[in-house]
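Colleague: What would the 3D arrangement of this be:
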Amino acid sequence: MRTQTIEADVIVVGGGLAGVSAAVAAARLGRRTVLINNRPVLGGNSSSEVRVWVCGATAHGNQRWARETGIMGEMFLENQFRNPEGNPVYWDDVVLDTVRREPNLQLFLNTEVIEAGATGPDDDRRVTSVTGWTMGSEIRTVFHAPIFLDCTGDGLVGRLVGARHRLGKEGRAEFDEEWAPEEPIREFLGSTLLFYTKDLGHPVKFVAPETAKDISTTPIPATRIIRSGDSGAHYWWIEWGGQLDIVDDNERIRDELRSVILGIWDHIKNSGDFDADNLTLEWIGNLPGKREYRRFVGDHTLRQQDVLDQVEFDDGIGFGGWSIDLHPAEGMYATGAGAVQRFSDGVFEIPFRSLYSANVSNLLMAGRNVSATHIAFGAARVMATCAVMGEAAGTAASLCLSYGESPRELYANHRGELRQALLRSDSSLIGVANEDPDDLARRAVVTASSRQRTIAADAADAAPHALTDDLGIVVPVHPALESTDLLLSADEATSLTVEVWSSSKRQNVVPERLEHTTVIEVPAGSGWVTAPTPFAPASPQNAIVVLRANPGVSVHLTSPLPAGVLTLVHRADNDDENVEISDEGLLVKWPTKPLRGRGPVFRAAPETEALAPERAVSGYNRPFGGPNMWASEPLTDEAAWLRLDWDTPVEAREVRLVFDDDVDVSLITLHHHRTPDEIMPQLVRDYRVEVLPEGSDEWTTAVEVQGNRHRHRVHPLPAGLGAFRSARLVVEATNGAAEARVIAFRVQA
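Modeller: Next up, the predicted model:
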């Protein structure tokens, strides 16, 4: 046994996706960072040890344009390319490679934090060290740093140093939350074990071990959906421990969960009710996937109202979109639904003040231990959202060191700079515009080889679709919408009600406010019909053109959809019978999933500025009142280009590019649902960056890339390049899209 001491700038404890993102963010900003994980693999509940799929703001496709960007987005795209079959072992290495490639990041696996040092009174503590024990190697390590991040999920570090925290459910009166119980109660969301099955192609017997529970003595067969073909996270509802202490009773909880899995498998194999002769049990998890334990108290406690009302914060550092997802404390033994969910009508913001301790001055936290009520935590706890919070916390830690400030002081003095730093790294922010004084592109004149001037869906592969349900076409409006041409078919002459609706928030695309109604005549046969759809918002915004149901009329569906366009269907859509979804709110009443990626053939008039070259320097890195990107006309043999010109020559150190990867597509690590594209077709594939040096008429190639499959690319400019008066991004090919799409073209001084 030996003892060692490690000095660093930032110490991150916990190697789930929150901790990974926090550590990578800090390391990329040049900080000597340590990541400590008590398991042999990274990824927390998403790892091959637990195998929960990574959910986030897309909420399995319920939210719109909601997929995470930044570090979590990078891992989603990498997994999509490397791991199209959703192998949890391959996912382990996607996460590990993300960490290992950072030269400023030192990783300690199999290292359990067993002690922590802190000074100061109860209301003003300061962490001085954490001590870890590395199993197998028998090494005791004392870690010192000026700032610490607790990303342990259970809140171990904070507990050791005396950080104020909450356990269980708050009473309704404390935060005036409608879904909270009348009185506080120490109950939790339970833990889960999962299992995998395999078809061997020949009959396989199963002899239940003595520890298997007879589930016929429980409510499970009557109250939960059991299918022989399901495995993995389809059985998320195998959950228990909510009425116990999730940490103290961890071993008891694991044993109970394992006994039920064996009982379920005995039921599937031996009851005679399932086609399961050739199936074998391939894997059972032995590490309970925990949902909830300590939640630290920060300067802001995220509440139910913050989620459902989509409250805007001046320190919003990320967003979520998962439902408020509450499970019965009895877990799998409850007789009601396995979960009750309620959605906000779009993504909601998470404030920075929820990511640092109210009484430990140098402690940040990210993941399921952040400052939130039990109710709000139900929406913020999913792993991709935890990763978003982790990236923000790691970025904040770096800025705290830059200014010699505590997280609370950083909020008071530099919260705007924090948000700009996150935007620069393409993190998951909503409604934050680029105000970076070092981005020279903001003061350049922007031009392009071409632009899409009309929002329209092509009729090339159109197929008729009867209007048995109301249909909504989301159209970006900048500056105005006057009319919409629709390709319609009808067996006999009829009429169709067409409405224009808007949403109260620019990130939302639900028909909330009626702007205009008209009735158009649809002649017999097939042809174009024009509907007046006037809408002229004060700032760029989405309109929802609603076609009211008329089974005698058919639209013609086509794909792919133009940038900034979605299709809504007015009907219920719930594909998990174990879940009860509240019908409050418009999001669930107007799902996009039934026709995602397809939409009616239409043309909007007049011409639009929604895809103009200026959008690529406008500051928003994702859809917000419009797509916020430049889109060229369809590419030909000649390359498309986006150009920046300055009045006087400039000097820069790097170029940052953000390409469209269609954040409306819900990617998921273990492929609960699939998209066929291993590389998102909208991404620019082959490109170069050229500059026009001062005093020269010849373009100089500064960057050249072939075969790109990433959204965010950072390119240092060559040493000695000198001043230049123009720069242009030349796009030669995409990964499948007809046109070039560029979200951001930044030239950083």
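Colleague: Just the strands from the stretch 201-350 of the chain, written as ranges.
Modeller: Counting by DSSP state E, counting those that start in this stretch, the stretch 201-350 of the chain has strands at residues 239-240, 279-284, 295-296, 316-320, 324-326, 339-342, 348-351.
Colleague: centre of the chain versus the second one, how much separation?
Modeller: Taking the mean of its C-alpha atoms, strand 279-284 sits 31 Å from the chain's own mean (CA atoms, centre = their mean, to the nearest Å).
Colleague: what helices or strands is that strand leaning on?
Modeller: Under the contact criterion of 3 or more CB pairs under 8 Å, 6 or more residues apart in numbering; DSSP states H and E, strand 279-284 touches strand 195-199, helix 250-270. C-betas here are computed from N, CA, C, even on glycine.
Colleague: any residues touching the longest one, and which ones?
Modeller: Which is helix 250-270. With contacts defined as CB atoms under 8 Å, 6 or more residues apart in numbering, helix 250-270 is touched by 190-193, 195, 197, 205-206, 208-209, 211-216, 218, 220-221, 226, 228, 235, 238-241, 244, 246, 273-274, 276, 279, 281, 284, 286-288, 290, 332.
Colleague: Only the C-alpha atoms, please, for that helix, written as CSV.
Modeller: This file holds the C-alpha atoms of helix 250-270, laid out as CSV (Å, rounded to 0.1, in the frame of the first residue of the first chain):
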residue,chain,number,x,y,z
ASN,A,250,-28.5,-0.4,-1.4
GLU,A,251,-27.7,-4.1,-0.9
ARG,A,252,-31.2,-5.0,0.1
ILE,A,253,-32.6,-3.1,-2.8
ARG,A,254,-30.2,-4.9,-5.2
ASP,A,255,-31.2,-8.3,-3.9
GLU,A,256,-34.9,-7.7,-4.2
LEU,A,257,-34.5,-6.3,-7.7
ARG,A,258,-32.4,-9.3,-8.8
SER,A,259,-35.0,-11.8,-7.3
VAL,A,260,-37.8,-10.1,-9.3
ILE,A,261,-35.8,-10.2,-12.6
LEU,A,262,-35.2,-13.9,-12.1
GLY,A,263,-38.9,-14.3,-11.3
ILE,A,264,-40.0,-12.4,-14.4
TRP,A,265,-37.7,-14.5,-16.5
ASP,A,266,-39.1,-17.7,-14.9
HIS,A,267,-42.6,-16.4,-15.8
ILE,A,268,-41.5,-15.7,-19.4
LYS,A,269,-39.8,-19.0,-19.9
ASN,A,270,-41.9,-21.4,-17.9
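Colleague: what mean pLDDT does it have?
Modeller: Helix 250-270 carries an average pLDDT of 98.
Colleague: what angle separates that helix from strand 279-284?
Modeller: 170 degrees (axes from the mean of the first three to the mean of the last three CA atoms, to 10 degrees).
Colleague: need the contact list for Tyr293.
Modeller: Counting by CB under 8 Å, 6+ apart, Tyr293 has contacts 153-155, 167, 188, 246-247, 368-369.
Colleague: In terms of distance to Glu492, which of the residues you listed ranks first?
Modeller: The shortest approach to Glu492 among the contacts of Tyr293 belongs to Arg368, at 57.8 Å (CB to CB).
Colleague: Select, out of the helices and strands packed on strand 279-284, the one closest to Thr518.
Modeller: strand 195-199 (54.4 Å).
Colleague: which intervals of the protein have sub-threshold pLDDT?
Modeller: Filtered on pLDDT under 70, the chain yields no residues whatsoever.
Colleague: That one: helices as residue ranges?
Modeller: 17-28, 70-82, 88-100, 156-161, 172-175, 220-223, 250-270, 304-308, 374-380, 383-403, 407-424 (DSSP state H).
Colleague: Could you identify which of those is most buried?
Modeller: helix 17-28 (a mean of 32; mean count of other CB atoms under 10 Å).
Colleague: just the angle between that one and helix 383-403, please?
Modeller: Using the same axes, to 10 degrees: helix 17-28 against helix 383-403 is 30 degrees.
Colleague: Can you work out which other helices and strands pack against helix 17-28?
Modeller: Right, helix 17-28 is packed against strand 10-13, strand 33-36, helix 70-82, helix 88-100, strand 105-108, strand 147-150, helix 383-403 by 3+ CB pairs under 8 Å, 6+ apart.
Colleague: so which of the helices and strands packed on strand 279-284 comes closest to Asp686?
Modeller: So among these, strand 195-199 is nearest, using CB to CB, at 39.7 Å.
Colleague: what helices or strands is the closest one leaning on?
Modeller: So strand 195-199, by 3+ CB pairs under 8 Å, 6+ apart, packs with helix 250-270, strand 279-284.
Colleague: what lines up beside that strand in the sheet?
Modeller: Here strand 195-199 is paired, per DSSP bridges, with strand 279-284 (antiparallel).
Colleague: Any buried residues in the partner strand, and which?
Modeller: 279-281 (16 or more other CB atoms under 10 Å).
Colleague: Also stretch 333-351?
Modeller: 333-334, 337-351.
Colleague: returning to what we had before: figure out which of the helices of the chain is closest to Pro676.
Modeller: helix 70-82 (10.3 Å).
Colleague: by how many degrees do that closest one and helix 407-424 diverge?
Modeller: 40 degrees.
Colleague: so helix 70-82 versus helix 88-100, what angle?
Modeller: Going by the same axes, to 10 degrees, helix 70-82 makes 140 degrees with helix 88-100.
Colleague: Just list what helix 70-82 packs against, helices and strands only.
Modeller: So helix 70-82, by 3+ CB pairs under 8 Å, 6+ apart, packs with helix 17-28, helix 88-100, helix 383-403, strand 712-716.
Colleague: Make a markdown table out of those and add distance to Gln305.
Modeller: Supplementary listing: the helices and strands packed on helix 70-82 in a markdown table, determined by distance: least, CB to CB, whole Å:
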| stretch | distance to Gln305 |
| --- | --- |
| helix 17-28 | 24 |
| helix 88-100 | 34 |
| helix 383-403 | 18 |
| strand 712-716 | 33 |
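Colleague: between the ones you listed, which one is nearest to Val742?
Modeller: Closest among the helices and strands packed on helix 70-82, using CB to CB: strand 712-716, at 11.0 Å.
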